[in-house]
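>>> got a predicted structure here, sequence first:
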Amino acid sequence: MRVPLPLSRLRHERRREALVRLPAAIAAVGTVLLVAQWAGARPLWLDEEFLAVSFRDRGITDYFEPLWLGQTAPFGWLALVRITAIVFGTGERALRLVPLLFGIATIGAAVWIGRRWMTVAGASTLVLFCAFAQWLTYHVFELKPYSADAFLALLLPAVAAWTIETSRPAAFWIAAAVSQWFGNGALFVTPLCALMVAAILLRRDGWRSALQFSLFGAVWLVTFALNYVLVLRHAASYTFFYRFWSGAFPPVDAGVIETLRWFGTQFGGFDVKPGSARFVHTLWTTAAAGFIAASRGRARLPAPRPPAGKADHALQHLALCFATVPLAAFALTALRLVPFYERLTLWMVPSLYVGVALLADVAWVSFIEGRSSSRPAAAAAIIVAALICGDIAARGVEDGIRRALSAADNHRLDDRAAVRWLKSEKQAGDVWVTTHYGVPAIWWYAGIAGERIIEVGHHPEGPECRDDGLTAALAAAPRVLVYLGFRFDDVPPGFDDLLVRRLSALGSVTAYRPFADASEALIIDRRVPSAAPTTMSQLDPRTAADQKPIDGCFTVRVAEIPTFVR
């Protein structure tokens, strides 16, 4: 006969059960918010359109060749997106399905890590970060492999810690070999993480165990060599990539001290973006404190799911494996292989979240089970971790709700509506005119075949402006379809007025529509004489503040994919 529990103990058990389920509840809410934002189907913007044309107009085997428009991405990730495009079409939801699934998988990995190695305090902290951090979730809705990078860079160090516990050396190397085809984050974290595993095995089990683990690394090396020959070598040959991101590397001739000083100047900005913290120098320092505290051990307190195997050092191994991730980022940047800049370092953000979660975990255990002398410090650590967690989660939830409720623009642009409107108005012989970064929008939303696009840029006043060739380029066109989309860093303020004034001198503006805050679409009919040239400021008074009088003329060329350089 079962004896009923006392009421006080029953309430205690229910509270404990509710706490144990808290990380899963947080994960469920975060997943719902992600799906809601994905369902909004925001229009693609420039960076996404660069890749989108390859998904629509090239087959999977073509991804072993250099991608169009100077883009790079892991082959497996490209293949997954291509398959979803074949099955579900090329709408925004279909194209972003794979990034969404990797984003959800990141939350799932956080739940697994928390339940296996941490108490409810650390687990809830980690899941809250991964489910709601502003920039980590923002890139879930971009047609880019950033969410895959973040997921795999979170998963592999955890698999490494699990490998140490279970003494299954092949598990880590197989996971790393497969993962590198789907996310560069997996490629970046593997070498140092593997060295850490080998060192731990050497110290704990002796050289035979470490050697056995290292020999399995041949699987990863062979796979990496194949990946490099087929895919990665194309990215290594892009001189533009290194020129564009030159400011995200230490100075070429910098010594050790200068390089360390350069990294020191980057930490504050990294905390804010992509770290998603409001205050600088909080995420890095707290994560470092968490790695140090966890690597020194903690008081014994049963986790909801105790680790298998040698559990006494399980948390230490987890901390040591994840601590290698930021070290890998420093090494790759110092070697000028991976830029240390915002979204390109998103893959290392989850590891810092693990560091903060470890601090919360160790402090919680110390506060509950530790000596009275250690409780003030533990309480202070808990408060710091809670403040950072609340700050990041609050901003992320606010940003996520805003994105879910506003799906009509992307980066203040609506390429989809603007280009499709112009396409619907197009007549035989019409010619497109746009800026350098407006070309991909037309290629994606209007198509590549049969679309003649005149790409214009600004040229300062000089002898070249006697005849810039714009009039000749439009000589055979009865009408001009003008789209002014992404133009924030390729043309100067005042360019819109200069271009519209020049084009409206060749004919009349017969149709005009603004889209979102910064997309402008107009039709100029050269068969209808213009009474007087007009400007963009006259068509849309909202733009007047951004337009400044400029002189000069235009650079003119016909846009072609093989010659397009970002």
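Now that the structure is in, tell me what you want to look at.

>>> and the residue nearest to residue 280 when sequence neighbours are not counted, what element?
In space, and not counting its chain neighbours, residue 280 is closest to residue 268: 3.4 Å by C-beta to C-beta, 6 or more residues apart in numbering. C-betas here are computed from N, CA, C, even on glycine. Using DSSP states H and E, the element containing residue 268 is helix 256-272.

>>> from the rest of the structure, what touches that helix?
Residues from elsewhere that reach helix 256-272, judged by C-beta atoms under 8 Å, 6 or more residues apart in numbering: 250-251, 254, 277-284, 330, 333-334, 340, 345.

>>> pull out the buried residues from the residues you listed.
Buried residues within the contacts of helix 256-272, counting neighbours by 16 or more other C-beta atoms under 10 Å: 250, 277, 282-284, 330, 333-334, 340, 345.

>>> for the stretch 51-200 of the chain, just list every one of the helices.
Under the criterion DSSP state H, counting those that start in this stretch, the stretch 51-200 of the chain contains helices at 75-88, 92-95, 97-117, 120-132, 134-138, 146-166, 169-179, 184-205.

>>> redo those as CSV? Include mean pLDDT.
Formatted as CSV, these follow (pLDDT from 0 to 100):
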stretch, mean pLDDT
helix 75-88, 95
helix 92-95, 96
helix 97-117, 96
helix 120-132, 95
helix 134-138, 94
helix 146-166, 96
helix 169-179, 94
helix 184-205, 95
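
>>> a markdown table for these, including distance to residue 262 and mean neighbour count?
What follows is these, written out as a markdown table (distance: least, C-beta to C-beta, whole Å; neighbours: other C-beta atoms under 10 Å):
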| stretch | distance to residue 262 | mean neighbour count |
| --- | --- | --- |
| helix 75-88 | 31 | 18 |
| helix 92-95 | 37 | 19 |
| helix 97-117 | 30 | 23 |
| helix 120-132 | 27 | 28 |
| helix 134-138 | 22 | 24 |
| helix 146-166 | 23 | 27 |
| helix 169-179 | 30 | 21 |
| helix 184-205 | 19 | 22 |
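
>>> turn those into CSV, columns for distance to residue 45.
Output for the helices of the stretch 51-200 of the chain, formatted as CSV (distance: least, C-beta to C-beta, whole Å):
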stretch, distance to residue 45
helix 75-88, 17
helix 92-95, 11
helix 97-117, 14
helix 120-132, 23
helix 134-138, 12
helix 146-166, 14
helix 169-179, 28
helix 184-205, 22
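
>>> what's the closest of those helices to residue 216?
Minimum separation from residue 216 across these (C-beta to C-beta) falls at helix 169-179, 4.5 Å.

>>> packing partners of that closest one?
helix 146-166, helix 184-205, helix 207-215, helix 217-227 (3 or more C-beta pairs under 8 Å, 6 or more residues apart in numbering; DSSP states H and E).

>>> quick one, which of those gets closest to residue 429.
helix 146-166 (41.7 Å).

>>> got the angle between the closest one and helix 97-117?
Note on geometry: by axes from the mean of the first three to the mean of the last three C-alpha atoms, to 10 degrees, helix 146-166 and helix 97-117 are set 30 degrees apart in direction.

>>> before we move on, back to that, C-terminal to the helix holding residue 268, what's the next element?
In N-to-C order, the element after helix 256-272 by DSSP H and E is helix 283-295.

>>> flag every buried residue along that next one.
Across helix 283-295, burial judged by 16+ other C-beta under 10 Å covers 283-284, 286-291, 293-295.

>>> cool, and stretch 502-518?
Residues 502-504, 506-509, 512-516, 518 are the ones in stretch 502-518 that count as buried (16+ other C-beta under 10 Å).

>>> could you identify the most distant pair in the buried residues of helix 283-295?
Distance extremes for these: the farthest pair is 283 and 295 at 18.5 Å, using C-beta to C-beta.

>>> so where's the protein shaky on pLDDT?
For the chain, the stretches flagged by pLDDT under 70 are 1-19, 236-242, 297-312, 370-373, 464, 562-566.

>>> what about residue 108, distance to residue 403?
With distances taken as C-beta to C-beta, to the nearest Å, residue 108 is found 21 Å from residue 403.

>>> for the buried residues of stretch 502-518, give me CSV that also has distance to residue 123.
Below are the buried residues of stretch 502-518 laid out as CSV (distance: C-beta to C-beta, whole Å):
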residue, distance to residue 123
502, 61
503, 60
504, 62
506, 65
507, 65
508, 65
509, 60
512, 55
513, 51
514, 48
515, 44
516, 40
518, 42
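
>>> so which of the residues you listed belong to helices?
Among the buried residues of stretch 502-518, the members falling in helices (DSSP state H) are 502-504.

>>> distance to residue 177 added to those, as a markdown table?
What follows is these, written out as a markdown table (distance: C-beta to C-beta, whole Å):
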| residue | distance to residue 177 |
| --- | --- |
| 502 | 57 |
| 503 | 55 |
| 504 | 59 |
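
>>> ok, of those, which one's closest to residue 173?
Ranked by distance to residue 173 (C-beta to C-beta), these are led by residue 503 at 60.1 Å.

>>> now do the contacts for the nearest residue to that closest one once chain neighbours are set aside.
In space, not counting the residues next to it along the chain, residue 503 is nearest to residue 524; the distance is 5.1 Å by C-beta to C-beta, 6+ apart. Residues counted as contacts of residue 524 (C-beta under 8 Å, 6+ apart) are 479-480, 482, 503-504, 506-510.

>>> ok, now residue 108?
Per C-beta under 8 Å, 6+ apart, neighbours of residue 108: residue 27.

>>> picking up where we left off before, widest-spaced pair of the buried residues of stretch 502-518?
Comparing all pairs in these by C-beta to C-beta, the longest separation belongs to 506 and 516, at 27.3 Å.

>>> wasn't the residue nearest to residue 503 part of a strand?
Yes - under DSSP: H, G, I helix; E, B strand; the rest coil, residue 524 falls within a strand.

>>> in the sheet, who's paired with it?
On the basis of DSSP bridges, residue 524 is bridged to residue 480, residue 509.

>>> element containing the closest residue to residue 519 other than its chain neighbours?
Once flanking residues are discounted, residue 519 sits nearest to residue 418: 4.4 Å by C-beta to C-beta, 6+ apart. In this assignment (DSSP H and E), residue 418 forms part of helix 415-425.

>>> repeat that for residue 330.
Judged by DSSP H and E, residue 330 forms part of helix 314-334.

>>> ok, residue 548 next?
Applying DSSP H and E, one finds residue 548 in no helix or strand.

>>> before we move on, back to that, could I get the buried ones among the contacts of helix 256-272 as TSV with distance to residue 70?
Output for the buried ones among the contacts of helix 256-272, formatted as TSV (distance: C-beta to C-beta, whole Å):
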residue	distance to residue 70
250	24
277	32
282	36
283	32
284	32
330	27
333	21
334	25
340	21
345	20
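
>>> closest one of those residues to residue 37?
Looking across those and measuring by C-beta to C-beta, the closest to residue 37 is residue 277, at 21.1 Å.

>>> correct me, but the closest one touches residue 393?
No - the pair residue 277 and residue 393 fails to qualify as a contact (C-beta atoms under 8 Å) at a distance of 10.9 Å.

>>> is residue 457 in a helix, a strand, or coil?
When classified by three-state DSSP, residue 457 comes out as strand.

>>> now residue 27
Three-state call for residue 27 (three-state DSSP): helix.

>>> ok, it to residue 369 distance?
From residue 27 to residue 369 the distance is 27 Å (C-beta to C-beta).

>>> do residue 381 as well
In this view, residue 381 and residue 369 are 15 Å apart by C-beta to C-beta.

>>> contacting residues around stretch 444-453?
Applying C-beta under 8 Å, 6+ apart, the external contacts of stretch 444-453 come out as 44, 49, 52-53, 56-57, 415-416, 419-420, 422-423, 431-434, 439, 442-443, 558-559, 561.

>>> and stretch 185-202, by the same measure?
148-153, 155-157, 160, 163-164, 172-173, 176, 179-180, 209-210, 213-214, 217, 220, 224, 227, 317, 320-321, 324-325, 327-329, 331-332, 338, 347-348, 351.

>>> off-centre distance for that stretch?
Relative to its parent chain, stretch 185-202 has a centroid offset of 24 Å by C-alpha atoms, centre = their mean, to the nearest Å.
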